[in-house]
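*Asks:* Have a look; sequence and predicted model below, questions after that.
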Amino acid sequence: MSVSEILSDKGRDVFTAQSNMTIESVAKTLAQKKIGAAVILNDNQQVCGIASERDIIRQIAKSGTDALAKTIDVCMTPKVVSCDETETIDALMEKMTKGRFRHLPVISNGKLTGIISIGDVVKRKIQKAETEAEEMKRYIAG
Ligand code: AMP
């Protein structure tokens with residue numbers, strides 16, 4: 001299954017935040033939307049980082065509640081690893097395992113067109129394994 005197939009199934013909504021938004025407001029939106037990461041945009045609306053709940057936790061561990069008033073760019077990861085729409089689930093799993101992260105923004109022709117989380121990947125992997133097991137059972141049963 002490819003990234004574009006996953007996106008047509010789950011949708012292309014991505015929570016983006018401006019780099020000068022406060023950690024508090026990003027954290028509130030992550031909690032409201034029940035998601036784990038925000039793609040960060042600069043003044044030109046270009047992707048300039050990614051901030052996950054882990055970055056926010058680390059910043060709070062470092063600065064205490066003062067962290068909440070800081071801007072999100074102080075804790076984001078500026079070098080974003082992305083994927084494109086033609087990549088397969090296995091390629092995404094490899095990127096996530098190698099980079100030790102759970103989110104991959106999708107960039108197509110220079111534009112942000114979606115985001116894939118580890119949950120999206122695991123869900124499709126399980127569906128595929130179940131379908132294959134069913135097919136095998138039907139084949140054996142003749
Ligand atoms: P996560 O597992 O997604 O919560 O992220 C763990 C760490 O990896 C955090 O420091 C994130 O900022 C960073 N991170 C998450 N996704 C990416 C990505 N696609 N590219 C680079 N860093 C990332």
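*Replies:* Happy to help now that I have it.
*Asks:* Residue 112 contacts residue 106, doesn't it?
*Replies:* Yes: between residue 112 and residue 106 there is a contact at 7.2 Å, judged by C-beta atoms under 8 Å. Backbone N, C-alpha and C define where each C-beta goes, glycine included.
*Asks:* between those two, who's got more neighbours?
*Replies:* With neighbours defined as other C-beta atoms under 10 Å, residue 112 and residue 106 compare such that residue 106 has more, 22 against 19.
*Asks:* Next, give phi and psi for the more buried one.
*Replies:* phi -100, psi 120 (degrees, to the nearest 10).
*Asks:* Could you check the helix or strand of the chain with the lowest mean pLDDT and say which residues are buried?
*Replies:* Ranked by mean pLDDT, DSSP states H and E, the weakest helix or strand in the chain is helix 118-141, scoring a mean of 94. By neighbour count on 16 or more other C-beta atoms under 10 Å, the buried set for helix 118-141 is 118, 120, 121, 124.
*Asks:* Please report how far the second one lies from residue 47.
*Replies:* According to C-beta to C-beta, to the nearest Å, residue 120 and residue 47 sit 19 Å apart.
*Asks:* just the last one next, same as before
*Replies:* Relative to residue 47, residue 124 is positioned 24 Å away (criterion: C-beta to C-beta).
*Asks:* again with the third one
*Replies:* Taken as C-beta to C-beta, the spacing of residue 121 relative to residue 47 amounts to 21 Å.
*Asks:* and the chain, which residues reach the ligand?
*Replies:* Taking C-beta under 6 Å from any ligand atom as the measure of proximity, the chain contacts the ligand at 36-37, 50-55, 77, 80-81, 99, 101-104.
*Asks:* Now the buried members of the residues you listed.
*Replies:* Using 16+ other C-beta under 10 Å as the burial test, the residues of the chain next to the ligand include 36-37, 50-53, 55, 77, 80, 101-104 as buried.
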